[in-house]
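> I would like to see how this sequence folds:
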Amino acid sequence: MAYDEHLAARIRKVLGSGSGISEKKMFGGVAFLRHGHMFVGVSDSALMARVGKALYEDSLARKHVRVMDFTGKPMAGYVFIDERGTSTDEALRFWVKRSMDFAATLPPKPKK
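Sure thing, here's the model as predicted:
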């Protein structure tokens with residue numbers, strides 16, 4: 001499955017050279033991790049965003065946002081934002097920041 005390389009490049013630009021940020025191919029796309037925790041990614045042309053349980057309902061209530069359900073059941077705390085929801089740099093920054101702020105609350109994963 002291909003993913004939107006242009007969206008991935010835009011995410012990289014928003015992230016800059018942040019500490020603890022890495023990139024990994026997963027879910028048939030690409031994911032961005034902070035200290036080992038996935039917080040945003042690209043699947044097809046959609047942005048995957050880990051917003052956490054506290055902001056899950058608020059996120060779903062926004063335009064162009066839908067449940068993230070890879071396995072046929074919703075993944076709590078994760079949403080997909082369709083292409084129209086990330087069409088501006090401001091909108092993309094909003095979702096990256098929301099997800100990164102959530103990821104900052106998680107402890108670093110132990111190194112394998």
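
> in what helix or strand does the residue sitting nearest the centre point of the chain lie?
Per Cα atoms, centre = their mean, the C-alpha nearest to the average position across the chain is that of residue 40, at 1.8 Å. Element membership for residue 40, per DSSP states H and E: strand 37-43.

> ok, then the element right after that strand?
Immediately after strand 37-43, counting by DSSP H and E, sits strand 46-50.

> ok, now how distant is residue 92 from residue 31?
Residue 92 sits 16 Å away from residue 31, going by Cβ to Cβ, to the nearest Å. Backbone N, C-alpha and C define where each C-beta goes, glycine included.

> and for residue 91?
20 Å.

> higher neighbour count, the two?
Taking neighbours as other Cβ atoms under 10 Å, residue 91 and residue 31 compare with residue 31 leading, 20 against 17.

> just the angle between the helix or strand encompassing the more buried one and strand 37-43, please?
Using DSSP H and E, residue 31 sits in strand 29-34. Angle, strand 29-34 to strand 37-43, by axes from the mean of the first three to the mean of the last three Cα atoms, to 10 degrees: 160 degrees.

> mind giving me the packing neighbours of strand 29-34?
When contacts are defined as 3 or more Cβ pairs under 8 Å, 6 or more residues apart in numbering; DSSP states H and E, strand 29-34 packs onto helix 5-15, strand 21-26, strand 37-43.

> residue contacts, the residue nearest to residue 35 when sequence neighbours are not counted?
Closest residue in space to residue 35, ignoring its immediate chain neighbours: residue 108 at 3.8 Å, by Cβ to Cβ, 6 or more residues apart in numbering. Neighbouring residues of residue 108 by Cβ atoms under 8 Å, 6 or more residues apart in numbering: 20, 35, 36.
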